[in-house]
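Asks: Sharing a model prediction with you, sequence too.
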There are 2 protein chains.
Amino acid sequence: MEGKEQLDKARERVIETIAQNIHLYGVTPSAGRLYGMMFFHHEPLTLDDMKEELGMSKTSMSTLVRSLSDLKMVEQVWKKGVRKDLYKVEEDWYQSFIDLFSTKWRSAISMHIHAIKKSLSDLAKLMEDGDASNEVKEMAKFDIEKLEYILEYYHWLDRLIDAFEDHDIFSLVPRKEE
Amino acid sequence: MEGKEQLDKARERVIETIAQNIHLYGVTPSAGRLYGMMFFHHEPLTLDDMKEELGMSKTSMSTLVRSLSDLKMVEQVWKKGVRKDLYKVEEDWYQSFIDLFSTKWRSAISMHIHAIKKSLSDLAKLMEDGDASNEVKEMAKFDIEKLEYILEYYHWLDRLIDAFEDHDIFSLVPRKEE
DNA sequence: AGGTTTGTAAAGTAAATACTGTACAAACTA
DNA sequence: TAGTTTGTACAGTATTTACTTTACAAACCT
């Protein structure tokens, strides 16, 4: 197969770039390499295929492919007659990007909102407390202001993710440049 | 100072939530704790203040504060008469979020675009190559298609970040909910 | 100038994470 | 039914990363 080397080199370059930047998705370079390899495979792969391609243990393939699935970057496919689990990359990269935000940021936002609300309520009680020193109340007042500001910010983030999930973002930034 | 305990507890809750989610910014929980602690300090802090507050080494404070500065989450301030370096948190969280994307994604995008363009050009040469087998050319054709697709995607990402940097995003998702 | 103070580089240590090999349960095969 | 195959939990090892201690250069102060 004359020319296969050049082809592989062209692929390798892109795969390695993915591996080096995939930390933005919160996974390791190995996961990036796996993803990149799968990207250039036109057919779905089994764990044994991956093990073969990357020269890593099957256990690693299992855990890496799971982490990519959790991020919706890889999906399982079924093919009749095939017993092994098959996986392929999610082809819609725009959607993958959106899913990344949903999965990674939503939970963080709700944790933050929960913590802030609880603290705000505790501080409100403190402001009512007759025993609390004026000095403390003064600080509490500052904190309440700050917490209200960041609460607003997290609500904004939440609406931002809505805009991605609802694909409203494409009206601001269209998929194709005009 | 009656009530100080409750105040500190309310702060601690928020700080710990930041620490647990700061990995989204690509830094460690310690950096998150530092950031959170600084957030509730109304005055700028020196490295020694931080060391004191967190009970960590001064070297760690230096490296952590630098990583937060790189993300534009913390900024250095000057105060006449004070010899030590002073730092405070960037108050505009919306801007910090935008800066996060600029700093973290821009470089990744340009690396990707560079690699893809190079590989596309190599594959184009391969297609012209008389010696290359038809089988290889067929694969190369597939790869070119895929690479053109993801190149388009990265250009979209680039324009997306423009929309953040230019604050156009606020016309789609306003800061305050109406 | 000499003597401090301040921030960070460099080297070493402790802790966390990534990866492997073994073991086994669940699903399939005959 | 017993015998395979397949995916993953678990335990152990290797590598990486986070943090500390020591050391020192640069800036400041008499």
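Replies: Arrived safely, thanks for sending. Bear in mind that the values here come from a model prediction, so they are computed numbers and not experimental data.

Asks: and the lengthiest helix in chain A, which residues are buried?
Replies: Criterion DSSP state H: the longest helix present in chain A is helix A:93-128. Of the residues in helix A:93-128, A:93-94, A:96-100, A:104-105, A:108-109, A:111-113, A:115-116, A:119-120, A:122-123, A:126 count as buried by neighbour count, 16 or more other C-beta atoms under 10 Å in any protein chain shown. Using the backbone N, CA and C atoms, a C-beta is placed for each residue, glycine as well.

Asks: Let me see the ranges of the helices in chain A.
Replies: For chain A, applying DSSP H gives helices covering A:4-21, A:29-39, A:47-54, A:58-70, A:93-128, A:134-165, A:169-172.

Asks: Buried deepest among those, which one?
Replies: Here the criterion is mean neighbour count by mean count of other C-beta atoms under 10 Å in any protein chain shown, and of the helices of chain A the winner is helix A:29-39, at a mean of 22.

Asks: by contact count, what packs against that one?
Replies: With contacts defined as 3 or more C-beta pairs under 8 Å, 6 or more residues apart in numbering or on different chains; DSSP states H and E, the packing partners of helix A:29-39 are helix A:4-21, helix A:47-54, helix A:58-70, strand A:86-89.

Asks: ok, residues contacting the first one?
Replies: Where contact means C-beta atoms under 8 Å, 6 or more residues apart in numbering or on different chains, the residues beyond helix A:4-21 that reach it are A:29-30, A:32-33, A:35-37, A:39-40, B:108, B:111-112, B:115-116, B:118-119, B:122-123, B:125-126, B:132-133, B:136, B:139-140, B:143, B:147.

Asks: Ok, stretch A:92-103 next?
Replies: Here stretch A:92-103 makes contact (C-beta under 8 Å, 6+ apart) with A:25, A:70-73, A:90, A:161, A:164-165, A:167, A:169, A:175, B:149-150, B:153, B:156-157.

Asks: Mind pulling up the pLDDT for the residue sitting nearest the centre point of chain A?
Replies: If you average the C-alpha coordinates of chain A and look for the closest C-alpha using C-alpha atoms, centre = their mean, you land on residue A:100, 3.1 Å from that point. Turning to residue A:100, the model gives it a pLDDT of 92.

Asks: same deal with the one 5 residues further on?
Replies: Here the pLDDT value assigned to residue A:105 is 95.

Asks: ditto for the one 4 residues further on
Replies: At residue A:109 the predicted local distance difference test score is 98.

Asks: residues in contact with the residue nearest to residue A:57 when sequence neighbours are not counted?
Replies: Distances taken as C-beta to C-beta, 6 or more residues apart in numbering or on different chains put residue A:51 closest to residue A:57, at 6.9 Å, once the chain neighbours are dropped. Each residue near residue A:51 by C-beta under 8 Å, 6+ apart is listed here: A:57-58, A:61.

Asks: mind putting the helices and strands packed on helix A:29-39 in CSV, distance to DNA strand D included?
Replies: Shown next, in CSV, are these (distance: least, C-beta to the nearest atom of the strand, whole Å):
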stretch, distance to DNA strand D
helix A:4-21, 12
helix A:47-54, 4
helix A:58-70, 4
strand A:86-89, 8
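
Asks: With distance to residue B:66 and mean pLDDT added, can I get the ones you listed in JSON lines?
Replies: Rendered in JSON lines, the data for those read as follows (distance: least, C-beta to C-beta, whole Å; pLDDT from 0 to 100):
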{"stretch": "helix A:4-21", "distance to residue B:66": "22", "mean pLDDT": "97"}
{"stretch": "helix A:47-54", "distance to residue B:66": "35", "mean pLDDT": "98"}
{"stretch": "helix A:58-70", "distance to residue B:66": "29", "mean pLDDT": "98"}
{"stretch": "strand A:86-89", "distance to residue B:66": "36", "mean pLDDT": "98"}
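
Asks: Pipe the ones you listed into TSV and attach distance to residue B:5 per row.
Replies: Formatted as TSV, these follow (distance: least, C-beta to C-beta, whole Å):
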stretch	distance to residue B:5
helix A:4-21	45
helix A:47-54	53
helix A:58-70	40
strand A:86-89	52
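
Asks: Let's have the helices of chain A in TSV, adding distance to residue A:84.
Replies: Output for the helices of chain A, formatted as TSV (distance: least, C-beta to C-beta, whole Å):
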stretch	distance to residue A:84
helix A:4-21	23
helix A:29-39	15
helix A:47-54	7
helix A:58-70	11
helix A:93-128	24
helix A:134-165	33
helix A:169-172	37
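
Asks: Which among these is found nearest to residue B:84?
Replies: Each of those was scored for nearness to residue B:84 using C-beta to C-beta, and the closest is helix A:134-165 (24.0 Å).

Asks: what angle sits between the closest one and helix A:93-128?
Replies: What separates the directions of helix A:134-165 and helix A:93-128 is an angle of 160 degrees, with axes from the mean of the first three to the mean of the last three C-alpha atoms, to 10 degrees.

Asks: as a whole number, average confidence for helix A:134-165?
Replies: 97.

Asks: Identify the residue spatially nearest to residue A:42, adjacent ones excluded.
Replies: Of all residues beyond its chain neighbours, the one nearest residue A:42 is residue B:142 (6.4 Å), with distances taken as C-beta to C-beta, 6+ apart.

Asks: I meant residue A:113, not that one.
Replies: Of all residues beyond its chain neighbours, the one nearest residue A:113 is residue A:154 (5.2 Å), with distances taken as C-beta to C-beta, 6+ apart.

Asks: same deal with residue A:176?
Replies: residue B:152 (7.1 Å).

Asks: any idea how far the residue nearest to residue A:3 when sequence neighbours are not counted is from residue B:74?
Replies: Once flanking residues are discounted, residue A:3 sits nearest to residue B:132: 3.3 Å by C-beta to C-beta, 6+ apart. From residue B:132 over to residue B:74 the distance is 54 Å, taken as C-beta to C-beta, to the nearest Å.

Asks: Cheers, nothing more for now.
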